[in-house]
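Chemist: quick one, fold the following:
(one chain, ligands or ions: 1)
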Amino acid sequence: MSTAAAEAPAADGVAARARGLTKAYGAGETAVLALDSVDVDIARGRFTAVMGPSGSGKSTLMHCLAGLDTVSAGQVWLGGTEITGLRERELTRLRRDRIGFMFQSFNLIPTLNAAENITLPMDIAGKKPDEKWLDQVIDTLGLRDRLKHRPTQLSGGQQQRVACARALASRPELIFADEPTGNLDSRAGLEVLGFLREAVDQLGQTVVMVTHDPGAAAHSDLVLFLADGRIVDRMEEPTADAVLERMKRFDVGRGSSGPEED
Ligand SMILES: Nc1ncnc2c1ncn2[C@@H]1O[C@H](COP(=O)(O)OP(=O)(O)OP(=O)(O)O)[C@@H](O)[C@H]1O
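Modeler: Sure, this is the predicted structure:
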């Protein structure tokens, strides 16, 4: 624990924080500035969506906040711990203990059944699941009667629910979801969004979700809009229509934060 050394340690209500977060890929003339000095606080116990045009830096932001990618400049905290500057070993442990991931490809192991997939990260870490919590997660996600099924015996929506349960199983401080509804039909997508919402409302989790879908973003409490590697706007209590309207302004501005109207 070295919070004393951190300049802006995350406050209690902040699950993740970035200051001056900059990420450049490549060097010289071909360098791409994926994130340009981003300051952001991810509020604990809330559902935050990240939107923006393709290439605006959404995935890079998520990867840097989760310690999956190194930063070029700036600082990132997870809870009270500054992760920029941590060694890979410490980072790996921190990610394992504090973060749950949901990616578009569910990354389920085909030879394991649903129950085994759900507890796999904890089994690898040699940690015993909190059975009461696990039961609550499984029931909340409606997976009780699917636990013995292998991924191929489950629908896309059920597979995504297993991925969701796996992300929740260790009761992580923070869940990062990258396009979690991207591969699903609209009904299954809605289910997953409902479960993420419940994870926040009923289980007290913190969720950060990257999405292209205004309807998906409408399930969040707050939308952060990225353009050209910067957070250019935010919307509390979003509706699908309001998000769609805001996204249209990016199309008009093509790769910028949109026309300067006001
Ligand atoms: N490994 C990499 N090497 C080089 N450039 C990269 C790399 N990863 C991302 N980029 C560039 O960084 C910028 C931001 O990429 P990022 O994937 O974060 O955007 P995004 O908003 O998530 O895009 P999309 O919506 O298309 O998934 C893009 O210009 C991309 O080409």
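Chemist: going forward, measure contacts and count neighbours with C-alpha atoms only.
Modeler: OK.
Chemist: nearest the geometric middle of this protein, what residue?
Modeler: In the chain, the centroid-proximal residue (C-alpha atoms, centre = their mean) is residue 176; its distance is 1.9 Å.
Chemist: run through the stretch 151-262 of the chain and note the low-pLDDT ranges.
Modeler: Low-confidence segments of the stretch 151-262 of the chain (pLDDT under 70): 183, 252-262.
Chemist: cutoff 90 now
Modeler: 155-161, 163-165, 167-173, 178-196, 198-199, 202-204, 249-262 (pLDDT under 90).
Chemist: all helices for it, in order.
Modeler: 156-169, 186-201, 214-217, 240-253 (DSSP state H, counting those that start in this stretch).
Chemist: near the ligand at all, the third one?
Modeler: To tie it back to what came earlier, the one meant is helix 214-217. No - using C-alpha under 6 Å from any ligand atom, we find that helix 214-217 stays clear of the ligand, coming within 13.2 Å at best.
Chemist: hmm, who's touching that helix?
Modeler: Applying C-alpha atoms under 8 Å, 6 or more residues apart in numbering, the contact partners of helix 214-217 are 49-51, 181, 190, 193, 211, 223, 238-241, 243-244.
Chemist: ChimeraX command for the buried members of the residues you listed?
Modeler: The buried residues among these can be selected in ChimeraX (16 or more other C-alpha atoms under 10 Å) with this line:
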select :49,50,51,181,190,193,211,223,238,239,243,244
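Chemist: picking that back up, okay if I get the helices of the stretch 151-262 of the chain as CSV plus distance to residue 111?
Modeler: Converted to CSV, the helices of the stretch 151-262 of the chain look like this (distance: least, C-alpha to C-alpha, whole Å):
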stretch, distance to residue 111
helix 156-169, 14
helix 186-201, 23
helix 214-217, 31
helix 240-253, 39
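Chemist: deepest-packed of those helices, please.
Modeler: Among the helices of the stretch 151-262 of the chain, the stretch with the highest mean neighbour count (mean count of other C-alpha atoms under 10 Å) is helix 156-169, at a mean of 25.
Chemist: that helix to helix 186-201, inter-axis angle?
Modeler: Relative orientation of helix 156-169 and helix 186-201, computed by axes from the mean of the first three to the mean of the last three C-alpha atoms, to 10 degrees: 20 degrees.
Chemist: output helix 156-169 as PDB, nothing but the C-alphas.
Modeler: Extracted in PDB, the C-alpha atoms of helix 156-169 (Å, rounded to 0.1, in the frame of the first residue of the first chain):
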ATOM      1  CA  GLY A 156     -25.300 -17.100 -27.000                       C
ATOM      2  CA  GLY A 157     -27.100 -15.200 -24.300                       C
ATOM      3  CA  GLN A 158     -26.500 -18.000 -21.800                       C
ATOM      4  CA  GLN A 159     -22.800 -18.100 -22.700                       C
ATOM      5  CA  GLN A 160     -22.600 -14.400 -22.100                       C
ATOM      6  CA  ARG A 161     -24.400 -14.800 -18.800                       C
ATOM      7  CA  VAL A 162     -21.800 -17.400 -17.800                       C
ATOM      8  CA  ALA A 163     -19.100 -14.900 -18.800                       C
ATOM      9  CA  CYS A 164     -20.900 -12.300 -16.700                       C
ATOM     10  CA  ALA A 165     -21.100 -14.700 -13.700                       C
ATOM     11  CA  ARG A 166     -17.400 -15.500 -14.100                       C
ATOM     12  CA  ALA A 167     -16.600 -11.700 -14.100                       C
ATOM     13  CA  LEU A 168     -18.700 -11.300 -10.900                       C
ATOM     14  CA  ALA A 169     -17.600 -14.500  -9.100                       C
END
